[in-house]
Structure formats: structure tokens, C-alpha cells
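model the following, please.
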Amino acid sequence: EQNTYAQTAAFNRIDAKPVDLTQAAELSVNAVVHIRSTQLSKTKTIRRAPDIFDFFFGDPRGGGERQYQTQPRVGFGSGVIISKDGYIITNNHVVAGATEVSVTLNNNKEYTATVVGADPETDIALIKIEGDDFKYVSFGSSDDLKVGEWVLAVGNPFNLTSTVTAGIVSAKNRANIVGEAKSLQSFIQIDAAVNPGNS
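Residues are numbered from 1 along each chain as shown. This next block holds a predicted model:
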């Protein structure tokens, strides 16, 4: 009992000043980008089954084909620049099926991007913008990460410049469960608020 009290007292004496995340935020906000993906309209042909009206008023053979234009689809999300020459990681669902991808930096400069590769199973995509001196963030090692450490969630989903939220690492090695199937992926669980579009 005395030992437990001593441990509690020692814990209370630990430097309890607020965590300053301003430097981490300054280093990351300029590497986080807004992504706009557009899927242009397409012409679709639909074959219609014959009905009684075709027999009396239309083609006696019935049925027929009809063409129509789909509406352009626009999606938004966030991405992170991972190299000074403009490689960006984002979610696959942000750019899947896109015919045009544009990237806006935190300083409001806009670039056209190309999709380099994508993996729908892990929902990761790699895109590229042209340039050679972009602000970027480096990869860390999840092996060095500890439960309880502070983390930032940075995103730019609505092209209003980057937003920052903070939290801690809640758990490591979480599996992504979809239905009954478990994937081989391993996720880091955090309690920082991640808003829709903050990929």
C-alpha cells in the first residue's frame, strides 16, 4: 500500500505542463493538400424490354435502345505530400474512377495531378503533381509508436486551408473488419477527431 502511494505521488510530480503541438502543426499543415477529383459525364446506352405500347405505337419488334448522359461526379478529400518532388498519398476512394484530379496546397496554389497507383483493398492511392520543392512529411515507424502518445490529425477536405485536431494513440494493431472477413491490415486507433473528407 505504501509502495502504491509512492508510485502515485511520483506520477503526480511528473511534469504536467500542457503539450505544445504548435511545432508539429506548423511542420505538417503545408504538406497536407486538398484533392478534387472529377469523373466526366459518360454516354450510357440502355436496352429496353418490349412492351404492349411498342406493338401498337412503336417498333413492332419491340424494345429499343436509348442513350443518355450521366452527370459529372465530383469528389473531395485530403492528401499528404510525402516527397519534395510532389508524390502524394491519399485514399483510393477519393480518386477512384476520376478522369481529372486537381490538388490545392495550403497556400492556395493549384496543380493538376496524375494517379500513379492505387490499391482498393487498403484504400490507398499515390498521385503526383509536378514540381521539385514542395513541403512534405516523412514516414515514421509504427514500431516506435506507443499507446498514449499524442498525435495530430490534419486534413483539408473543403479547401478552406488545413485543419488540425489532436488526440492520443488509443491502440495499435487493430484489424479492419468488414462483415465476417478480417483483413491482414493493421491500423493505429486514435481518439483525435477525424472529420469527413480528412482522408
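
who's in contact with the nearest residue to residue 130 once chain neighbours are set aside?
Using C-beta to C-beta, 6 or more residues apart in numbering and skipping the chain neighbours, the partner closest in space to residue 130 is residue 86 (6.2 Å). Quick note: C-beta positions are derived from backbone N, CA and C, even for glycine. Shown in contact with residue 86 (C-beta atoms under 8 Å, 6 or more residues apart in numbering): 111, 128-132, 134.

from these, which ones fall inside strands?
111, 128-129 (DSSP state E).

what is the nearest of those residues to residue 159?
Set against residue 159, the nearest of the ones in strands among the contacts of residue 86 by C-beta to C-beta is residue 111 (13.2 Å).

next, the contact list for that closest one, please.
Residue 111 touches 86, 102-105, 129-131, counting by C-beta under 8 Å, 6+ apart.

now those residues in TSV, with pLDDT?
Below are the contacts of residue 111 laid out as TSV (pLDDT from 0 to 100):
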residue	pLDDT
86	96
102	95
103	95
104	94
105	94
129	97
130	96
131	92
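
filter these down to the buried ones, PyMOL style.
Selection of the buried residues among those in PyMOL, burial being defined by 16 or more other C-beta atoms under 10 Å:
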select buried, resi 86+102+103+104+105+129
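
of the contacts of residue 111, which belong to helices?
If you go by DSSP state H, those have nothing in helices.

nearest to residue 168, of the contacts of residue 111?
So of the contacts of residue 111, ranked by how close each gets to residue 168 (C-beta to C-beta), first place is residue 105, at 28.8 Å.

what's near enough to touch that closest one?
Taking C-beta under 8 Å, 6+ apart as the criterion, residue 105 is in contact with 30, 33, 111, 134.
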